[in-house]
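Q: curious how this folds, go ahead:
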Amino acid sequence: MKALLIFVAIFLVSSLSCQCGSSEQVILYSQFGAAGDGMTDDFDAIIRAHEAANEAGIKVRADAGATYYIASANKTAMVQTDTDWGDAKFIIDDSNVAVEDRHANIFHVSSKLPAIREITLKSVRKNQEKLDLTFPHESLVRITDNTTRRYIRYGPNQNRGSAQTDVFVADKNGNVDMRAPIIWDYDTITAMIVYPVDAETLTVKGGHFTTIANQAESRYTYYGRGIYITRSNSVIDGVVHAVEGELEHGAPYSGFINIANCTNVTIQNSMLSGRRTYVTIGAAGVPVSMGSYDVSVNGATNVTFRNCKQLNDIHDTKFWGIFGSNHSKNMTLDNVEFSRFDAHMGVTNATIKNSVLGHMGIHLIGSGLFVVENTKVCGSAFINLRTDYGSTWEGEIVIRNCEFIPRNGARSDAVLFNGRNTGQHDFGYRCFMPEKITIENLVIRDLNTPDNYQGPKIFANFNPDFINDEYVEQYPYALTKEVAINNMSIESGKPLQVSNNQFMFRNVKIITSDAN
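A: Coordinates of the predicted model:
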């Protein structure tokens, strides 16, 4: 079969080169039977084209002006060579209740290098710089300890937590890339997968995708059905994704672009869509809004979104936040306009710059250095430290040359850091507020505020019961030690407040200069 695919690919490429007068080796979907008329199901032809291209190491190109219809079959096209979708359109039809596998992605950008799954490490320490291992390639290593639970969620979506998980990059000699360090101690390793890092960059560009949304019951039955990226050193350039046919009910989406178990991935010059928010009954037996995403990053490092925008209104509250992530490190958003940035089960080191964030703003937990620079934030708080995971950030936060418009100008209090931790719940880790916060050149546009508004606050009331020395935390919450503020402009003219809970934050050192 492999030899046949290579023969077919070479024959078709030779034929195309003669017809076009070009020596470039490229495979078109039409060569494998794709009609491109927007009505015929072209998925099998698309899959066969990529199979042949992968075997022969040849680029794939969509036919100019084509519209490819993709129905509900449980199939995936494996993309392992450069692909140019150009101006072609793809219709992904999820409206059929008989979608065979809602998890099956349409395209999987994958490596030809096999993963290694043998458990060879006995233990690993936090911030360990070298492993007692060698690898055939630079690799992303994913380790798990199923005997230790982290991220034990609190609230309406409460759960028993997740297995302790870490991802990091190591070179052939086992040296760990300390820009994304190991963040947990591992006395036990129950699973270990090594994903080799491809040396060459694979580029996928162009393409206008439209998802006809599912019409399923509103439950936590997540749909994938997009572009799944597990190959390191990949670039997605100029993809457009629109959504049509959303009803008053539907199942949520885990992401049209889903990045996992890889490093050095860039999504650029792309247009993506916020998904409709649906409500279901959560684990605590009360109604909850279900997260639904167009972008998900899970277990990946060095991921960049550059020059990307949201097709629908980033301030429209009927759409959920577009971006979610778990177990990831070194993420960058540069010149994006999204409704939300969210680090769900933790990020280590992240930067948002030259961007605009809409009604959901920044939701964050994790560790390391978090930088927000030259960015406009329009959420209910400048940064929301997620309460369901302990409002924890073990490290520092820097806010520089930014603008904060609470709730995009709707009537609102102005709070820079929102969160809650009563010290009575075990999240599976010690919880921290950022040890140091640096704020430089921040403009707070607080002109539409409640009648009793006294001025913007650095911190919300993280624990209304912590008002004297008699309060005892079962799981102590480490508070911020220092806030350094240089040149803050407050449009209301009201004075800056530390918090409504003056007792809780009484020992925070506030260093100010040029605040007005």
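
Q: start to end distance for stretch 414-421?
A: End-to-end distance for stretch 414-421: 20 Å, by Cα to Cα, to the nearest Å.

Q: avg pLDDT for it?
A: Stretch 414-421 carries an average pLDDT of 98.

Q: all helices of this structure, in order?
A: 2-20, 43-56 (DSSP state H).

Q: pull stretch 182-202 out as CSV, backbone CA atoms only.
A: The C-alpha trace of stretch 182-202 is given here as CSV (Å, rounded to 0.1, in the frame of the first residue of the first chain):
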residue,chain,number,x,y,z
ILE,A,182,9.8,21.4,35.7
ILE,A,183,7.3,22.7,38.2
TRP,A,184,6.5,19.7,40.5
ASP,A,185,8.5,17.1,42.5
TYR,A,186,7.9,13.6,41.2
ASP,A,187,8.6,10.8,43.7
THR,A,188,6.5,8.5,41.5
ILE,A,189,6.2,8.6,37.7
THR,A,190,3.3,6.5,36.4
ALA,A,191,3.4,7.6,32.8
MET,A,192,6.0,9.1,30.5
ILE,A,193,5.8,10.0,26.9
VAL,A,194,8.6,11.5,24.8
TYR,A,195,7.6,13.4,21.7
PRO,A,196,10.5,14.1,19.3
VAL,A,197,10.9,17.7,18.1
ASP,A,198,11.1,17.9,14.3
ALA,A,199,14.0,20.0,13.1
GLU,A,200,12.3,21.5,10.1
THR,A,201,9.3,23.9,10.2
LEU,A,202,6.0,22.7,8.7
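
Q: now it: buried residues?
A: 182-183, 186, 189, 192-198, 202 (16 or more other Cβ atoms under 10 Å). Backbone N, C-alpha and C define where each C-beta goes, glycine included.

Q: weakest of the helices of the chain by average pLDDT?
A: Ranked by mean pLDDT, these end with helix 2-20 at the bottom, a mean of 47.

Q: nearest to residue 353, of the buried residues of stretch 182-202?
A: Residue 353 lies nearest to residue 183 out of the buried residues of stretch 182-202, by Cβ to Cβ, at 23.5 Å.

Q: now the closest one: how far from residue 386?
A: From residue 183 across to residue 386, the span is 17 Å (Cβ to Cβ, to the nearest Å).

Q: try residue 123
A: From residue 123 across to residue 386, the span is 30 Å (Cβ to Cβ).

Q: of the two, which one has the most company?
A: Using other Cβ atoms under 10 Å, the more surrounded residue of residue 123 and residue 386 is residue 386, with 24 against 11.

Q: which residues touch that one?
A: Residue 386 makes contact with 343-344, 363-365, 419 under the criterion Cβ atoms under 8 Å, 6 or more residues apart in numbering.

Q: what about the nearest residue to residue 76 once chain neighbours are set aside, how many neighbours?
A: Counting by Cβ to Cβ, 6 or more residues apart in numbering, residue 76 lies nearest to residue 108, which is 5.1 Å off, once chain neighbours are set aside. Residues near residue 108, counting by other Cβ under 10 Å, number 18.
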